[in-house]
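S.K.: let me see the structure of the following:
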Amino acid sequence: MQTTNQMMLKTLVSMALFGLSQLIFASSNTAHNNHHVSEHGGQVYQVTKFTNEWSVNKAGQGAFGSSLETLIGTDESRLFVEANVAKEESHVPNYNISALYSRNVSAFWDIQTGLKYQAERNNADSQRVDAVVGVLGLAPYFFETKAYFYAGQYGFVGASLEFERDFLLTQKLITQPYIEAEFVFHDQSKKAVKAGLSAFQTGIKTRYEINKRIRPFVDVAYAYEKGDKGSTVEKGWRYGLGVELTF
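M.R.: Here you go, the predicted model:
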């Protein structure tokens with residue numbers, strides 16, 4: 001089994017590297033889009049966002065979540081790294097980290113490919129590496145969009161979608177409706193999640209921008225999460241407080 005997993009991991013890495021090489025080769029033969037307005041031009045720049053949130057559900061059970069997103073590169077070609085940790089009261093934490101090569105293909109869209117490592121409390125085979133391909137950009141009506149497809153160890157095949165949009169109440173007070181969904185299409189791990197919608201969360205996050213670097217927020221959301229083999233479902237309202245730091 002260990003040998004099989006190692007072979008699968010090597011295959012996934014090869015797939016991701018092949019995807020990277022194809023994107024780079026294609027981009028090298030694509031003329032620059034003259035309609036793309038670049039704030040940074042060809043300069044290399046770096047942006048990092050660090051978010052912490054403390055929340056409770058209707059039963060009073062607490063949870064803590066922390067995420068780090070950073071990108072470095074130019075407007076056309078950059079490295080996108082994201083790490084997340086989620087810890088519910090009386091549970092071990094879930095965590096994941098992904099490293100993606102991001103290539104701009106139009107004024108509002110990037111194609112991304114890379115690898116994602118994660119460990120989940122709902123899965124006995126908790127450590128898994130997935131190959132990732134997806135898009136990041138701005139959908140019609142200014143919805144910021146992330147859409148990814150995953151294929152990895154233990155026969156896992158899945159996808160995730162995220163949509164969010166900012167509405168200005170004042171120059172500093174901003175409300176942000178959002179939707180997050182995760183899907184499982186195939187899973188052969190010992191405690192596989194049943195195929196279908198595995199997690200869903202929708203809510204409204206309202207933040208106050210003290211300045212562009214410090215933004216405290218409140219979060220009201222309805223969340224749904226499917227347990228092992230669909231035997232258990234956790235759902236209900238969550239209420240959170242947090243802060244976003246950008247540097």
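S.K.: make it CA atoms for all contacts and neighbour counts henceforth
M.R.: Will do.
S.K.: now the helices for the chain?
M.R.: 2-28 (DSSP state H).
S.K.: so where is it shaky, pLDDT-wise?
M.R.: 1-41, 120-126, 228-231 (pLDDT under 70).
S.K.: please repeat the previous calculation with a cut-off of 90.
M.R.: Applying pLDDT under 90 to the chain flags the ranges 1-42, 58-59, 88-94, 119-128, 140-141, 153-154, 188-194, 225-234.
S.K.: residue contacts, the residue nearest to residue 220 when sequence neighbours are not counted?
M.R.: Residue nearest to residue 220 in three dimensions, not counting chain neighbours: residue 239, with 4.8 Å by C-alpha to C-alpha, 6 or more residues apart in numbering. If you count contacts by C-alpha atoms under 8 Å, 6 or more residues apart in numbering, residue 239 has them with 55, 56, 57, 218, 219, 220, 221.
S.K.: against residue 219, how distant is residue 239?
M.R.: Separation of residue 239 from residue 219 (C-alpha to C-alpha, to the nearest Å): 6 Å.
S.K.: then residue 100?
M.R.: From residue 100 to residue 219 the distance is 28 Å (C-alpha to C-alpha).
S.K.: between these two, who's got more neighbours?
M.R.: Remark: of residue 100 and residue 219, residue 100 carries more neighbours, 23 against 20, as counted by other C-alpha atoms under 10 Å.
S.K.: so who does the more buried one touch?
M.R.: By C-alpha under 8 Å, 6+ apart, the residues touching residue 100 are 79, 80, 81, 112, 113, 114, 115, 132.
S.K.: do that again at 7 Å, thanks
M.R.: Going by C-alpha atoms under 7 Å, 6 or more residues apart in numbering, residue 100 touches 79, 80, 81, 112, 113, 114, 115.
S.K.: rewinding a little: pull the most distant pair out of the contacts of residue 239.
M.R.: 57 and 218 (14.0 Å; C-alpha to C-alpha).
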